[in-house]
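Visitor: Sharing a model that was predicted from the sequence below.
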Number of protein chains: 2
Amino acid sequence: MGATKAEEFSVKDNRVARYARALAHPARVAILKLLISRQTCICGDIVDEMPLSQSTVSQHLKELKAAGLIKGDIEGAKVCYCIDEVEWNNAKNYMIDLFSAYKAADGKCC
Amino acid sequence: MGATKAEEFSVKDNRVARYARALAHPARVAILKLLISRQTCICGDIVDEMPLSQSTVSQHLKELKAAGLIKGDIEGAKVCYCIDEVEWNNAKNYMIDLFSAYKAADGKCC
DNA sequence: AAAATTAATCGTAATATTGCGATATAATAA
DNA sequence: TTATTATATCGCAATATTACGATTAATTTT
């Protein structure tokens, strides 16, 4: 039946999953890297750089924003997007926590 | 139309997305943490620890294996799963690379 | 004011994910 | 051998994601 059952898992695990979900599409990874590489924030230039339609890019931006990783500021007719520093560092810490929790099992395994 | 268009993006971005995808469900995060916490590898104990059916857990394991993050060793009727050290470290590096590419823009942004 | 630009949203189609029960497969135990 | 246990896979239903064109709403430009 239904898709999800997320409530059954810890808040932390859901948080990690949420951040990971945001990175789970190459277009979104590419967008984030674009935002990072251009110190100054961009807007619809993102669309030009992506091999996707305007509406599709807009949806990816929406998802990144929903995950908290980016924020957008309206500047007249344009919108300026950039990394949300606080959430970004938060996500970074969650990921690092997860990945560094594992210490190579000294031959105990498989 | 279709879902995906992944070929349009770089191999690296696809790789990050693939790893992220594996972490994009709280059940899979929980499974990974379980495998990490029990030094010695587990098998169907995972099923007991998860609020999901055997078949669903099996599918999550399959996805984690497909992403390369874990590997399974058949031991008689049972299967012993554990973190795949090499791929794990690889994924870790990819994530750290992405997350540390961003240096707080000194007030230039939004 | 009319036309053009920018970006979000709606509607829709194609596909993927999540989840479960039932079934299949293989190994161990009785 | 038959029953039991352990996992994987199949088939199906519910939902979510990805993508696009068309439309909308809000600026700017002309």
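Guide: Yes, it's here. Numbering: from 1, shown residues only, chains lettered A, B, ... in the order given.

Visitor: Could you find the closest non-adjacent residue to A:K71?
Guide: The spatial neighbour of A:K71 that comes closest, neighbours along the chain excluded (Cβ to Cβ, 6 or more residues apart in numbering or on different chains), is A:D84 at 4.6 Å. C-betas here are computed from N, CA, C, even on glycine.

Visitor: Give me the neighbour count for the one you found.
Guide: Applying other Cβ atoms under 10 Å in any protein chain shown, we find 20 other residues in the vicinity of A:D84.

Visitor: Check the one 10 residues further on too.
Guide: The local packing count at A:Y94 equals 21, with neighbours defined by other Cβ under 10 Å.

Visitor: Could I get the buried residue list for the helix or strand where A:F99 lies?
Guide: For A:F99, the enclosing helix or strand under DSSP states H and E is helix A:85-101. By neighbour count on 16 or more other Cβ atoms under 10 Å in any protein chain shown, the buried set for helix A:85-101 is A:E87, A:W88, A:A91, A:K92, A:Y94, A:M95, A:L98, A:F99.

Visitor: Between the residues you listed, which sits nearest DNA strand D?
Guide: For the buried residues of helix A:85-101, the closest approach to DNA strand D (Cβ to the nearest atom of the strand) belongs to A:A91, at 16.5 Å.

Visitor: Would you confirm that the closest one contacts A:L69?
Guide: Yes. In this structure A:A91 lies within contact range of A:L69 using Cβ atoms under 8 Å: 6.4 Å.
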